[in-house]
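Student: Here you go, sequence then predicted model.
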Amino acid sequence: MAEKLAIVAIGGNALSQPKESPTAENMLKNLENTAKCLVELVKKNYKIVITHGNGPQVGNILVQQDIAKEVIPPFPLDVNGAMTQGYIGYMISQMLKNVLTAEHIEKDVSSIVTQVLVDKNDPAFNNPSKPIGPFYTEEEANTFIKEKGWSMVEDAGRGWRRVVPSPEPLEIIEIRAIKQLVRDNNITIAAGGGGIPVVKEENKLKGVEGVIDKDRASALLAIELDADEFIILTAVEKVFINFNKPNQQAISSMTVNQAIQYMKEGHFSKGSMLPKIEACTNFVLKTGRSALITDLTKLVDALEGKTGTIITK
């Protein structure tokens, strides 16, 4: 059977569990379990490219830098994103290699720090909407607005947070290198955290303050790699409509048109499921192939059609 190429986007639960201390040890423990699930794809003759989130990890770096700002000046957001891509990629790579070795599977794992091109005139730059980093008092927020030019919003009564633009991803800068790694049969980790947003100015790349939605960037990567399947692994086994209501309903499969209708009806939360459905519909529309959303631990069952939500043309 010919190998299929799957782009697999792993969610935050693959790295950290709710209320768990965000230590390196805990992340490695969680990623070891994640790696065991992902290696099941390799056993089923898949080539895989893995993407991952980094929101909490970037937030933690911002807290650390804020505490130490009088000693070491904080780095810009694009550099912090690169830091998390590096260390999360290292952790995923190491855990995957260990599991592969234990299973007697000869396969290399590579992680690539990935830049993603965005439009410097993207309307998102005039409408920052993505909350990042720690919570501040109103007084601190006003100081940051005045001194740093940050956009700050009050976040659900918990304090004030910085919000940054979330521009649309247009192009994976390192796509040729990623394609070569895939051709060379590497398990490849790329576009972590949505990739590092960069713009082109006078034919030069320049990092910008922003956060690209990781699901949209993962879909773009899947399209550019001409993947056979796009898989989003999250904390729920299936997608629901009327979620958390008495009439909630699990969806096993839906067409793109049905997905679009559900989005119009407001079934999916902007902060959780909506970008995943948008990313999947984009992939299916561009490729004509299917996308899958399911729980990380139910991946094998989902591939066998026993669970999960599949989106088709």
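Tutor: Good, I have the coordinates. Residues are numbered from 1 along each chain as shown.
Student: only C-alpha atoms for contact and neighbour calcs from this point on.
Tutor: Fine.
Student: Can you tell me what sits against the host helix or strand of E40?
Tutor: Counting by DSSP states H and E, the element that carries E40 is helix 24-43. The contact list for helix 24-43 (CA atoms under 8 Å, 6 or more residues apart in numbering) reads 14-17, 20, 47-48, 91-92, 95-96, 99-100, 296-297, 299-300.
Student: Filter those down to the buried ones, ChimeraX style.
Tutor: Buried residues within the contacts of helix 24-43, by 16 or more other CA atoms under 10 Å, are selected in ChimeraX with:
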select :14,15,16,47,48,91,92,95,96,99,100,296,297,299,300
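Student: list the buried ones in the helix holding E40?
Tutor: Residues of helix 24-43 classed as buried: 27-28, 30-39, 41-42 (neighbour count, 16+ other CA under 10 Å).
Student: Let me know the closest of these to V153.
Tutor: M27 (29.8 Å; CA to CA).
Student: Next, work out how far apart the closest one and L77 are.
Tutor: Remark: distance between M27 and L77 (CA to CA, to the nearest Å) = 22 Å.
Student: can you check K148 too?
Tutor: 13 Å.
Student: Please narrow the contacts of helix 24-43 to those residing in strands.
Tutor: Under the assignment DSSP state E, the contacts of helix 24-43 contribute 47-48 to strands.
Student: contacting residues for D213?
Tutor: 166, 168, 193-194, 275 are the contacts of D213 under CA under 8 Å, 6+ apart.
Student: Got phi/psi on it?
Tutor: phi -60, psi 130 (degrees, to the nearest 10).
Student: thinking again about what came up before, now find how far off-centre the helix holding E40 is within its chain.
Tutor: Relative to its chain's centre, helix 24-43 lies at 16 Å (CA atoms, centre = their mean, to the nearest Å).
Student: ditto for stretch 176-194
Tutor: Distance of stretch 176-194 from its chain centroid, counting by CA atoms, centre = their mean, is 15 Å.
Student: Could you give the average pLDDT over that stretch?
Tutor: Averaging pLDDT along stretch 176-194 yields 97.
Student: what about the helices in the stretch 1-150 of the chain?
Tutor: Assigned by DSSP state H, counting those that start in this stretch, the stretch 1-150 of the chain shows helices spanning 24-43, 55-67, 77-102, 138-148.
Student: looking at those, which is closest to T307?
Tutor: Proximity to T307 (CA to CA) singles out helix 24-43 among those, at 15.3 Å.
Student: Using CSV, write out every CA atom in the closest one.
Tutor: Extracted in CSV, the C-alpha atoms of helix 24-43 (Å, rounded to 0.1, in the frame of the first residue of the first chain):
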residue,chain,number,x,y,z
ALA,A,24,9.6,20.9,31.1
GLU,A,25,9.2,17.5,32.9
ASN,A,26,5.4,17.6,32.6
MET,A,27,5.5,18.7,28.9
LEU,A,28,7.9,15.8,28.1
LYS,A,29,5.6,13.3,29.9
ASN,A,30,2.6,14.5,28.0
LEU,A,31,4.5,14.5,24.7
GLU,A,32,5.7,10.9,25.3
ASN,A,33,2.0,9.9,25.3
THR,A,34,1.3,12.1,22.3
ALA,A,35,4.3,10.4,20.4
LYS,A,36,2.8,7.0,21.1
CYS,A,37,-0.4,8.0,19.4
LEU,A,38,1.3,9.6,16.5
VAL,A,39,3.6,6.6,15.8
GLU,A,40,0.4,4.6,15.2
LEU,A,41,0.1,6.7,12.0
VAL,A,42,3.5,5.6,10.9
LYS,A,43,2.5,1.9,11.5
